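Trainee: Sequence and predicted structure are below.
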There are 2 protein chains.
Amino acid sequence: MDRPDVKRLARAFKALSNPNRLQLFVNLLEESRLDLARGRTHDCFLAKLLGGLDINAPTVSHHVKELADAGLIDTERDGKQLICSVRPQAMAELRALFETR
Amino acid sequence: MDRPDVKRLARAFKALSNPNRLQLFVNLLEESRLDLARGRTHDCFLAKLLGGLDINAPTVSHHVKELADAGLIDTERDGKQLICSVRPQAMAELRALFETR
DNA sequence: CAAACATTTCGATAATTCTGAAACTGTAAG
DNA sequence: CTTACAGTTTCAGAATTATCGAAATGTTTG
């Protein structure tokens, strides 16, 4: 195994350590998987990610920023909406840590 | 994908979100892999896990407890030493989340 | 331009977390 | 029994975090 970059990993895990933020991330993951299954590029604006979450707009904005700063997702502005997508690189790095062997 | 247990996952991620605690866990992971490579059961007491860490005993104790409470590691007392091992179950659950597809 | 919309920034507060000092417990060795 | 060892508990202070309300920004629509 390559020596993991503990500092960066810790940053990612911190981003995923808040239940609301993690739920946001999981929702995005599932949306991504749906779209990938349809062979389409992923495309998901914020409001779509709030499934079942009871938090206000400022908090959502803060959480999204945190996920982005941790390198877990990419964001891009499209008109008045914010498009989110998971970063495959980050996924790979995290998966590697938990690989058995 | 099965619906992930967000609350429990968040707990695990929180346990890994502190750099010192994550380093502890990574050290244990690497020790485990070494021993598994030798076809032996894993066996690791705390002092062995402190590589490069600059934290005092009470803090270490606290961090280990946190990792155990989060279900990431098992601990067992042997004489005056504490034996730690990673929980394969937890590893699998985390790995699943980052699986692509 | 005005109104509606999606998100962000700011400021403030409550809650949680990290850490070490000091004192303690249980075990092994002399 | 005494000492040393490995780790734990308790306590308290400093630092970080989560959250919201209010106001602001930038964008599309009428």
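Mentor: Received, thanks. In this text the structure is predicted, and so the values were computed from the model without any measurement.
Trainee: Show me what the lengthiest helix in chain A is packed up against.
Mentor: What stands out as the longest helix in chain A, according to DSSP state H, is helix A:19-37. Packed against helix A:19-37, as judged by 3 or more Cβ pairs under 8 Å, 6 or more residues apart in numbering or on different chains; DSSP states H and E, are the following elements: strand A:44-45, helix A:57-69, strand A:81-86, helix B:6-15. To be clear about C-beta, it is placed using only N, CA and C from the backbone, and glycine gets the same treatment.
Trainee: what about the closest residue to residue A:88 other than its chain neighbours, neighbour count?
Mentor: Residue nearest to residue A:88 in three dimensions, not counting chain neighbours: residue B:100, with 7.2 Å by Cβ to Cβ, 6 or more residues apart in numbering or on different chains. By other Cβ atoms under 10 Å in any protein chain shown, the residues close to residue B:100 number 12.
Trainee: do the same with residue A:98
Mentor: Look at residue A:98: counted by other Cβ under 10 Å, it has 18 neighbours.
Trainee: Please determine how far it is located from residue A:13.
Mentor: The gap separating residue A:98 from residue A:13 is 12 Å, by Cβ to Cβ, to the nearest Å.
Trainee: Kindly report the same for residue A:67.
Mentor: For residue A:67, the distance to residue A:13 - Cβ to Cβ - is 12 Å.
Trainee: what's the answer for residue A:57, then?
Mentor: 26 Å.
Trainee: ok, now residue A:99?
Mentor: For residue A:99 relative to residue A:13 (Cβ to Cβ), the value is 16 Å.
Trainee: more crowded one of these two?
Mentor: residue A:13 (24 against 11).
Trainee: Contacts only, for the more buried one.
Mentor: The contact partners of residue A:13, taken as Cβ atoms under 8 Å, 6 or more residues apart in numbering or on different chains, are B:13-14, B:16-17, B:22.
Trainee: Reformat the residues you listed as a markdown table; add distance to DNA strand C.
Mentor: Output for the contacts of residue A:13, formatted as a markdown table (distance: Cβ to the nearest atom of the strand, whole Å):
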| residue | distance to DNA strand C |
| --- | --- |
| B:13 | 11 |
| B:14 | 6 |
| B:16 | 10 |
| B:17 | 6 |
| B:22 | 10 |
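Trainee: Who wins on neighbours among those?
Mentor: In the contacts of residue A:13, the most neighbours by other Cβ under 10 Å go to residue B:16, 26 neighbours.
Trainee: For burial, what's the neighbour tally of residue A:25?
Mentor: Residue A:25: 26 surrounding residues under other Cβ under 10 Å.
Trainee: contacting residues around it?
Mentor: Here residue A:25 is in contact with A:15-16, A:67, A:72-73, A:86 (Cβ under 8 Å, 6+ apart).
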